[in-house]
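1. what's the 3D shape of this:
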Amino acid sequence: MPRTARPRGRTAAAALSLCLALGCGSGGTPQGDEPSPPAGAPAGARNDVVTWASSAGRVGAAVDGRGYRLVVHTSVGGTGLRVRLSNAFGDQPVTFGSVHAGLQRDGAALVPGSNRRLTFGGAPSVTVPAGGIVYSDPLPVRVPAASNLAVSLYVPRAGGVLTGHWLAMQTSYTTDGDHTAEESGAHWAQRTGSWFYLDAVTVRPRPAAGTVAALGDSITDGWHSTTDLNRRWPDYLARRLRASPTTTVKAVANAGIAGNKVLADDPGQSALNRLSRDVLALPGLRTVFLFEGVNDIKAEPGATAEELIAGYRALARRVHAAGKCVVAATIAPYKGWREWDPAGEAVRRKVNAFLRTSGAFDAVTDFDRVLRSPDDPERIRPAFDGGDHLHPNDKGMRAMADAVDPESLDCPSR
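-> Numbering: from 1, shown residues only. Here you go, the predicted model:
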């Protein structure tokens with residue numbers, strides 16, 4: 001039964017007040033509205049772009065002696081492959097004893113001859129302190145666009161909190177011991193639907209290209225798209241951008257986290273708090289695509305329209321201060337989801353009116369118009385509904401990507 005008289009905004013108001021007072025940096029010490037330099041960016045990598053990314057969080061307890069073969073899908077191709085390993089949420093150092101990268105053949109097996117060792121400052125292993133990240137040295141091979149890359153990690157020493165990404169919508173593999181150099185999948189029998197430690201892959205494309213980072217929640221993360229087929233809306237967008245003759249933005253980084261909010265750190269860090277690390281620090285970033293807010297609205301208590309609008313303005317201001325463009329998307333309908341009520345719907349409509357007309361963004365994509373049912377604009381179109389009345393299915397994901405104007409992502413640098 002809809003709840004029409006709930007108190008709205010107390011939690012969000014407190015979070016936003018703190019954010020606006022302190023600046024909402026990337027977690028830990030607040031950074032203010034002026035963005036800090038990209039943490040851990042590889043030296044001499046001015047032409048690198050992120051071809052794949054995920055946003056890190058806490059995903060359990062770290063374990064010694066584990067191997068991870070993590071399968072990720074590239075958006076653009078290029079040479080000089082680097083991986084970024086994250087211990088951002090760890091409370092103890094983590095040692096990567098061996099790291100390899102190769103092309104997936106099928107399952108955990110790799111294309112013969114493709115698996116190469118990665119180094120860190122010339123060394124085959126590296127220890128990353130608690131809260132830190134590290135980039136590998138560039139690998140002198142060409143990585144194809146739209147390929148499944150398998151990054152194999154061996155972690156002999158870890159402990160405390162494990163950093164990773166829970167909702168991968170991609171099958172990866174784990175094992176005991178160091179089997180990173182093996183191209184066979186024989187020792188990689190354990191499957192997982194999460195990524196661990198790995199949170200970005202960069203290449204140097206030719207011709208040069210830029211990256212768009214999709215900052216979002218579980219819809220951007222791909223929930224209700226088909227696992228292992230790369231049918232999240234950012235995946236469909238990457239296909240469009242590769243084929244587009246009108247934009248030099250070709251790479252797509254997925255910075256979606258299930259349950260993410262603009263304002264509150266629940267669950268995980270808010271968009272305001274993770275913007276610097278998950279988005280602005282990415283090499284080659286040209287444009288931020290902002291599609292968040294439904295979790296703030298349907299929370300208990302939910303954010304008010306005024307609080308969300310202030311959060312959007314803060315995000316846009318920080319992206320522009322970093323010299324990047326920001327494109328916003330309207331919030332899609334979700335009537336039928338258990339937390340929908342008329343009060344939240346009123347907030348959604350008011351926020352969408354702001355997004356469409358405020359001029360705070362370099363461009364706006366109207367996902368609400370694309371996804372809403374012509375018979376009931378408070379509901380997602382039945383043909384696009386993944387089944388829970390909030391998350392689009394594959395067809396809906398594709399419709400979202402098709403609604404994005406490629407030229408809107410290629411706006412001039414500020």
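
2. Which stretches in this structure count as helices?
-> 10-22, 218-221, 233-243, 271-275, 294-298, 305-321, 342-357, 367-371, 394-403 (DSSP state H).

3. Which one, of those helices, ends up nearest to R117?
-> Closest approach to R117 among the helices of the chain is made by helix 233-243 (27.8 Å; CB to CB). Using the backbone N, CA and C atoms, a C-beta is placed for each residue, glycine as well.

4. ok, back up a step: now render the helices of the chain as JSON lines, adding mean neighbour count, mean pLDDT and distance to T95.
-> Listed next are those as JSON lines, based on neighbours: other CB atoms under 10 Å; pLDDT from 0 to 100; distance: least, CB to CB, whole Å:
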{"stretch": "helix 10-22", "mean neighbour count": "17", "mean pLDDT": "37", "distance to T95": "34"}
{"stretch": "helix 218-221", "mean neighbour count": "25", "mean pLDDT": "98", "distance to T95": "29"}
{"stretch": "helix 233-243", "mean neighbour count": "22", "mean pLDDT": "98", "distance to T95": "32"}
{"stretch": "helix 271-275", "mean neighbour count": "26", "mean pLDDT": "98", "distance to T95": "25"}
{"stretch": "helix 294-298", "mean neighbour count": "26", "mean pLDDT": "98", "distance to T95": "35"}
{"stretch": "helix 305-321", "mean neighbour count": "21", "mean pLDDT": "98", "distance to T95": "34"}
{"stretch": "helix 342-357", "mean neighbour count": "18", "mean pLDDT": "98", "distance to T95": "45"}
{"stretch": "helix 367-371", "mean neighbour count": "20", "mean pLDDT": "98", "distance to T95": "43"}
{"stretch": "helix 394-403", "mean neighbour count": "20", "mean pLDDT": "98", "distance to T95": "38"}
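
5. Contact partners for the residue nearest the centre of the chain?
-> Compute the mean C-alpha point of the chain, and by CA atoms, centre = their mean the closest residue is A255, 1.4 Å away. By CB atoms under 8 Å, 6 or more residues apart in numbering, A255 lies in contact with A53, S54, S55, A213, A214, L215, G216, T220, R274, D278, V279.

6. same deal with K350?
-> A305.

7. For S98, see how far away it is.
-> According to CB to CB, to the nearest Å, K350 and S98 sit 53 Å apart.

8. could I get the helices of the chain as TSV with distance to L153?
-> Output for the helices of the chain, formatted as TSV (distance: least, CB to CB, whole Å):
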stretch	distance to L153
helix 10-22	34
helix 218-221	22
helix 233-243	23
helix 271-275	23
helix 294-298	31
helix 305-321	31
helix 342-357	40
helix 367-371	35
helix 394-403	29
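
9. List the residue ranges of the protein that fall below the pLDDT cut-off.
-> 1-46, 413-414 (pLDDT under 70).

10. rerun at 80
-> 1-46, 412-414 (pLDDT under 80).

11. sorry, back to before: out of the helices of the chain, which is closest to G131?
-> Here helix 271-275 is closest among these (CB to CB), at 13.6 Å.

12. chain center to the closest one: distance?
-> Remark: helix 271-275 is offset 12 Å from the chain centroid, using CA atoms, centre = their mean, to the nearest Å.

13. Show me what that helix is packed against.
-> helix 305-321 (3 or more CB pairs under 8 Å, 6 or more residues apart in numbering; DSSP states H and E).

14. tell me the angle the helix it packs on makes with helix 342-357.
-> If you take axes from the mean of the first three to the mean of the last three CA atoms, to 10 degrees, helix 305-321 sits at 30 degrees to helix 342-357.
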